[in-house]
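[1] Just a sequence and a predicted model for now, questions to come.
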Amino acid sequence: MQLDPRIPPGPLAEQWDNCRFANKLVNPANKRKFTIIVVGTGLAGASAAASLAELGYNVLSFCIQDSPRRAHSIAAQGGINAAKNYQNDGDSIFRLFYDTIKGGDFRSREANVYRLAQISNNIIDQCVALGVPFAREYGGTLANRSFGGAQVSRTFYARGQTGQQLLLGAYSALMRQAAASRVKIFPRREMMDLVVRDNRARGIICRNLVNGRLERYSGDAVVLATGGYGNVFYLSTNAMACNVTAAWRAYRRGAGFANPCFVQIHPTCIPVHGDYQSKLTLMSESLRNDGRVWVPKNPGDRRDPADIPEEERDYYLERRYPSFGNLVPRDVASRNAKEVCDAGKGVGETGLAVYLDFRDAIERDGLDVIMKKYGNLFHMYEKITATDPTRTPMMIYPAVHYTMGGLWVDYHLMSTIDGLFVLGEANFSDHGANRLGASALMQGLADGYFIIPYTMGNYLASAGPGSLDTDHDGFREAESAVQERLNRLMRNQDARGGKLQTIDHYHRRLGKLLWDHCGMARNRAGLRHALDRIPEIREEFWENSYIPGSSQELNQSLERAGRVADFLEFAEIMVLDALEREESCGCHLREESQTEEHEAKRDDEHYAHVAVWENQGADSPPALHREPLRFENVTPSQRSYK
């Protein structure tokens, strides 16, 4: 496997311009000769499909939902970053670049991150033109607020519904192209395999989720924008349908998988409240602008928060990180929450929660002002917990939220398979070992609106149009493999023996194993234990899982089984990657590699690289490749937010 990042020559600030100039172009009249498959209709997928169609390409757009509007991007709450410097508080493109590189603990490519910072300003202009209702100041100018890991206010937002509003903007652009017959939308389709022909991605096999039929689709290139794999942990803030299947199918066909152990734990989520809970709920990071995080100073103190006087409260983030306070990056806030709970200072019935208190902000600014900022988030919290956060502090605890790992891509966002492009959370490219808040929406829209339209043309100009025939060995072999897998999943049809278990039974076991041993803190013994247990759970899954119904009909149990089967395979390389990386960086805390103050301790000498895993077949362990990371414009240093 060759890992050529294809970073353009020249100074950092000129590399994207140099790339665009050097790219080959496709004549406008020739663009209609090409067909591009886009899998996923979140921010990255919808913006990519709309932009490519606007250029004149024929686009086939696929999603597992009944409408592109239901993609998980709709759940994003807090905002989107851009270096507009509207607040005149010292922001710049370079500062956004530096904050992102530093926030990721110096484990991402300089060139990709700088391009993201450059494009960020264009994204805001594009979204305003599409009618996205960003919050505005009294005079009509766009408003900003602060997010973790930055000392400037650069986050644009639409109350606590930023993802929804941005997705509706991208959806409107997508449907405009659908009305013009340049995009054809295929809802309720799940990508089951990638078709590679002559070492190029040339199509996909889908399952029609309504009638169960397998369908073949061919194109000149394939774009995956299928999101992250956080649901491997079972409990996460992701939608229930989020999965690793499309990315994992691509990996099985030869695409490299980069940094799979880099998983973001979000510090402000509603705590787990039962053994049979199916998902967790995010409370936006924006709440940390005005909410103060604290626990009782005395371990085991179970008094009502109103009964705990100020001098007996530990505002531990403000105490430990006076420069950033409650707005430290997510990995730092999450680790500290775990640390105080492990010390017995946690609150709530389980002791696995901390307080997020708005008392001081309400006294300072007034309830009306706070409700205008966070009203929908407060209402959501009250509906779930039956507690009014304006009267009683919120209880929060870290939960799996985002994945920085993903399919390896070069500067052009192309994977190790020619013609397979990967956008948004599905790739690894921009966030290193920890994503800063409000940067996911920025990356998804940068990839879709402003990068793939340039880099796709460069690839197609060289590759040329190909046959769209689906009646050849590549499609037949891929469809046969999918059907064989479905048949294997459906073989246990008789549950009367009492031995068979539901799909969730195995998914829950896998998730708990990973959370305990490959979650916020990891060590060698725990990771080896997880590696031993995963094959056992996988074997039990295939032997004893029960799926009612038929594969030739709408069958959500079968959909879920296929996704869990892929999680059970993917989990192995995730733990292998964590075991191989014997350093702490960002979200990845190895207990053997900490400073005296329990902060993450990097090992730049041995681990300043992207770890990329290559499939070697079902009977062989994956091969590890490394892409060295070179820093010429910033100097990696021990992160400090004190």
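    Everything's here; your move. Being a predicted model, the structure only gives us computed values, none of them experimental.
[2] Surely residue 354 is in contact with residue 292?
    No: checked against C-beta atoms under 8 Å, the pair residue 354 and residue 292 is beyond contact range at 10.6 Å. C-beta here means a position set from N, CA and C on the backbone, and glycine is covered the same way.
[3] what about those two, which has more around it?
    For residue 354 and residue 292, the more surrounded residue by other C-beta atoms under 10 Å is residue 354, and the numbers stand at 31 against 19.
[4] Can you give me the distance of the more buried one to residue 450?
    39 Å (C-beta to C-beta, to the nearest Å).
[5] How is residue 38 assigned, secondary-structure-wise?
    Here residue 38 is strand, with the state taken from DSSP: H, G, I helix; E, B strand; the rest coil.
[6] That one contacts residue 63, correct?
    No: Residue 38 sits out of contact with residue 63 when judged by C-beta under 8 Å, with a separation of 9.4 Å.
[7] quick one: low-confidence parts of this protein?
    Scanning the chain for pLDDT under 70 picks out the ranges 493-498.
[8] Output the longest helix belonging to it.
    As assigned by DSSP state H, the longest helix anywhere in the chain is helix 556-580.
[9] how many neighbours does the closest residue to residue 535 other than its chain neighbours have?
    Excluding the flanking residues, the one nearest residue 535 by C-beta to C-beta, 6 or more residues apart in numbering is residue 572, at 7.4 Å. Per other C-beta under 10 Å, the neighbour tally for residue 572 reads 18.
[10] Residue 14 now?
    Other residues within reach of residue 14, judged by other C-beta under 10 Å, total 12.
[11] wait, what's in contact with residue 131?
    Neighbouring residues of residue 131 by C-beta atoms under 8 Å, 6 or more residues apart in numbering: 169, 172.
[12] before we move on, what about residue 376?
    Neighbouring residues of residue 376 by C-beta under 8 Å, 6+ apart: 159-161.
[13] Tell me the buried residues in the strand or helix carrying it?
    Here residue 376 is covered by helix 367-385, with elements defined by DSSP states H and E. By neighbour count with 16 or more other C-beta atoms under 10 Å, helix 367-385 contains the buried residues 370, 373-374, 377-378, 380-382, 385.
[14] Kindly report the same for stretch 111-130.
    So, applying 16+ other C-beta under 10 Å, buried residues of stretch 111-130: 111-120, 123-124, 126-127, 130.
[15] got a list of contacts for that stretch?
    5, 7-8, 12-13, 15-16, 80-84, 93-94, 96-97, 100-101, 104, 134, 142, 156, 166, 169-170, 172-173, 411, 429-430, 439, 442-443, 445-446, 449-451, 633.
[16] Now find how far off-centre that stretch is within its chain.
    Distance, stretch centre to chain centre, for stretch 111-130: 19 Å (C-alpha atoms, centre = their mean, to the nearest Å).
[17] okay, now the residue nearest to residue 146 when sequence neighbours are not counted: neighbour count?
    Computed as C-beta to C-beta, 6+ apart, the closest residue to residue 146 that is not its neighbour in sequence is residue 153, at 4.9 Å. The tally of other residues near residue 153 (other C-beta under 10 Å) stands at 17.
[18] Looks to me like residue 153 is in a strand.
    No: under the criterion used here (three-state DSSP), residue 153 is coil, not part of a strand.
[19] doesn't residue 90 make contact with it?
    No: in this structure residue 153 lies outside contact range of residue 90 using C-beta under 8 Å: 10.2 Å.
[20] Would you mind listing which of the contacts of stretch 111-130 are buried?
    Using 16+ other C-beta under 10 Å as the burial test, the contacts of stretch 111-130 include 5, 7-8, 12, 15-16, 80-84, 93-94, 96-97, 100-101, 104, 134, 156, 166, 169-170, 173, 411, 429-430, 439, 442-443, 445-446, 449-451 as buried.
[21] I'd guess residue 53 is in a strand, am I close?
    No: Residue 53 is assigned helix when assessed by three-state DSSP, not a strand.
[22] Give me the neighbour count for residue 199.
    When counting by other C-beta under 10 Å, one arrives at 10 neighbours for residue 199.
[23] With adjacent residues omitted, what lies nearest to residue 157?
    Once flanking residues are discounted, residue 157 sits nearest to residue 79: 3.6 Å by C-beta to C-beta, 6+ apart.
[24] distance of the one you found from residue 163?
    Distance of residue 79 to residue 163, computed by C-beta to C-beta: 9 Å.
[25] More neighbours: the two, which one.
    residue 79 (31 against 24).
[26] Quickly list the domain ranges of this structure.
    12-262+404-461, 268-399, 494-607 (automatic domain parsing).
[27] Of these, which is nearest residue 625?
    Closest to residue 625 of the domains of the chain, according to C-beta to C-beta: domain 12-262+404-461, at 6.7 Å.
[28] Next, the closest residue to residue 173 other than its chain neighbours: secondary structure please.
    Distance criterion C-beta to C-beta, 6+ apart; nearest residue to residue 173, sequence neighbours excluded, is residue 50 at 3.8 Å. Following three-state DSSP, residue 50 is assigned to helix.
[29] Quick check: residue 50 touching residue 176?
    Yes: counting by C-beta under 8 Å, residue 50 touches residue 176, with 7.2 Å between them.
[30] Run through the strands of the stretch 301-450 of the chain in chain order.
    Ranges of strands within the stretch 301-450 of the chain are 313-314, 354-357, 394-403, 406-407, 420-422, based on DSSP state E, counting those that start in this stretch.
[31] any chance of those in JSON lines, with distance to residue 247 too?
    Formatted as JSON lines, those follow (distance: least, C-beta to C-beta, whole Å):
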{"stretch": "strand 313-314", "distance to residue 247": "41"}
{"stretch": "strand 354-357", "distance to residue 247": "33"}
{"stretch": "strand 394-403", "distance to residue 247": "10"}
{"stretch": "strand 406-407", "distance to residue 247": "5"}
{"stretch": "strand 420-422", "distance to residue 247": "8"}
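[32] closest to residue 331 out of those?
    Using C-beta to C-beta, those put strand 394-403 closest to residue 331, at 9.4 Å.
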